[in-house]
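K.L.:
Give me a model of this one.
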Amino acid sequence: MIFHEIKVHYDRQTGEDNPGKVKEVYLVHGAVSFADAENCLLTEIKPFIFGDCEVQNCKRSQYFEVFPNEGGAFWYKARVEMITIDGEKETRKNVSVLVQANMLDDAVFALKQALQSYDCEIISIAKSPVVDILNAVQ
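P.N.:
Sure thing, here's the model as predicted:
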């Protein structure tokens, strides 16, 4: 899956009469261009912008799979080694996946459950800076 990863800095209402500068990372799926991805993101966060807003970076990111969980508060990025056997030849390929969970232990458990039908090994997993995943195609 191809995503546009966008880093944005903007002033956001962080408390009662207390605007603060936040730096967030979003993924946009289904955008046909960088401009389309930025437009989708800015439309989504517009109600929260209190002052200045600046897109710091926009790049393409590829993930093998994304495992959302409505109850999860954070996104965890994992490197997974996929193993395929063709005859007598074994091939190993590292891929990135995202899993949504509340804690690292929950993310590992959810990832193991989601990948149980694959022949693979989890290489690493860490909390991702991604705040949310948006869909450009509505």
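K.L.:
Show me the contact partners of stretch 6-16.
P.N.:
Applying Cβ atoms under 8 Å, 6 or more residues apart in numbering, the contact partners of stretch 6-16 are 19-28, 37-38, 41, 45, 48-58. C-beta here means a position set from N, CA and C on the backbone, and glycine is covered the same way.
K.L.:
Just the buried residues of the residues you listed.
P.N.:
24-28, 37-38, 41, 45, 53, 58 (16 or more other Cβ atoms under 10 Å).
K.L.:
any chance of those in TSV, with secondary structure, pLDDT and distance to Val130 too?
P.N.:
Formatted as TSV, the buried ones among the contacts of stretch 6-16 follow (DSSP: H, G, I helix; E, B strand; the rest coil; pLDDT from 0 to 100; distance: Cβ to Cβ, whole Å):
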residue	secondary structure	pLDDT	distance to Val130
Glu24	strand	95	9
Val25	strand	97	5
Tyr26	strand	97	7
Leu27	strand	97	6
Val28	strand	97	11
Ala37	helix	95	14
Glu38	helix	95	16
Leu41	helix	95	12
Ile45	helix	91	14
Cys53	strand	90	18
Cys58	strand	96	14
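K.L.:
okay, now the residue nearest to Ala126 when sequence neighbours are not counted: neighbour count?
P.N.:
Once flanking residues are discounted, Ala126 sits nearest to Lys77: 6.1 Å by Cβ to Cβ, 6 or more residues apart in numbering. Neighbour count of Lys77, defined by other Cβ atoms under 10 Å: 18.
K.L.:
What values do phi and psi take at Lys77?
P.N.:
phi -100, psi 130 (degrees, to the nearest 10).
K.L.:
was I right about it contacting Ile125?
P.N.:
Yes - with contacts counted by Cβ atoms under 8 Å, Lys77 reaches Ile125, the gap being 7.2 Å.
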